[in-house]
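S.K.: Build the 3D model from these lines:
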Amino acid sequence: MNDEAELERERRTDLAKVNIEPEKFIPGSYGCHEALHTASLLMEMVSRHLIEHPTIMLDREFYARARRIHGDLFDLYQAIGAKHLPR
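M.R.: As a prediction, this is how the structure comes out:
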């Protein structure tokens, strides 16, 4: 099974475990804005508490991993914002 199919199976399994009202979390909703804000907060935390941490800066591998995490969070923030915020 390819990675995308496996990821979708896991997403559906996780979704089946929770009881949510989708209209409260779709783009344009408060719930979606909350996810956008959380992505922003996590980006700031990764930057301030990981990327700028001396241990991380001293180790090439740690630094590269922290930067990738920050980049992935930025991409998530942009993806949520593109669907959530009116143009």
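S.K.: Counting neighbours, which bits of the longest helix belonging to the chain end up buried?
M.R.: Taking DSSP state H as the criterion, the chain has its longest helix at helix 60-84. By neighbour count with 16 or more other Cβ atoms under 10 Å, helix 60-84 contains the buried residues 63, 66, 69-70, 73, 76-77, 80, 84. In this view, the C-beta of every residue, glycine as well, is placed from N, C-alpha and C.
S.K.: do the same with stretch 34-45
M.R.: Quick answer for stretch 34-45 (16+ other Cβ under 10 Å): 35-36, 39-40, 43.
S.K.: Make JSON lines from the residues you listed and add distance to Thr13 to it.
M.R.: Shown next, in JSON lines, are the buried residues of stretch 34-45 (distance: Cβ to Cβ, whole Å):
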{"residue": "Ala35", "distance to Thr13": "20"}
{"residue": "Leu36", "distance to Thr13": "25"}
{"residue": "Ala39", "distance to Thr13": "23"}
{"residue": "Ser40", "distance to Thr13": "28"}
{"residue": "Met43", "distance to Thr13": "28"}
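S.K.: where's Pro27, which helix or strand?
M.R.: Secondary structure from DSSP states H and E places Pro27 outside every helix and strand.
S.K.: got the phi/psi numbers for it?
M.R.: Per-residue torsions, Pro27: phi -50, psi 140 (degrees, to the nearest 10).
S.K.: burial of it, as a residue count?
M.R.: Using other Cβ atoms under 10 Å, Pro27 is surrounded by 16 other residues.
S.K.: Would you enumerate the residues in contact with it?
M.R.: Applying Cβ atoms under 8 Å, 6 or more residues apart in numbering, we find Pro27 in contact with 80, 83-84.
S.K.: and of the buried residues of helix 60-84, the nearest to Ser47?
M.R.: His70 (6.0 Å; Cβ to Cβ).
S.K.: Understood, closing this out.
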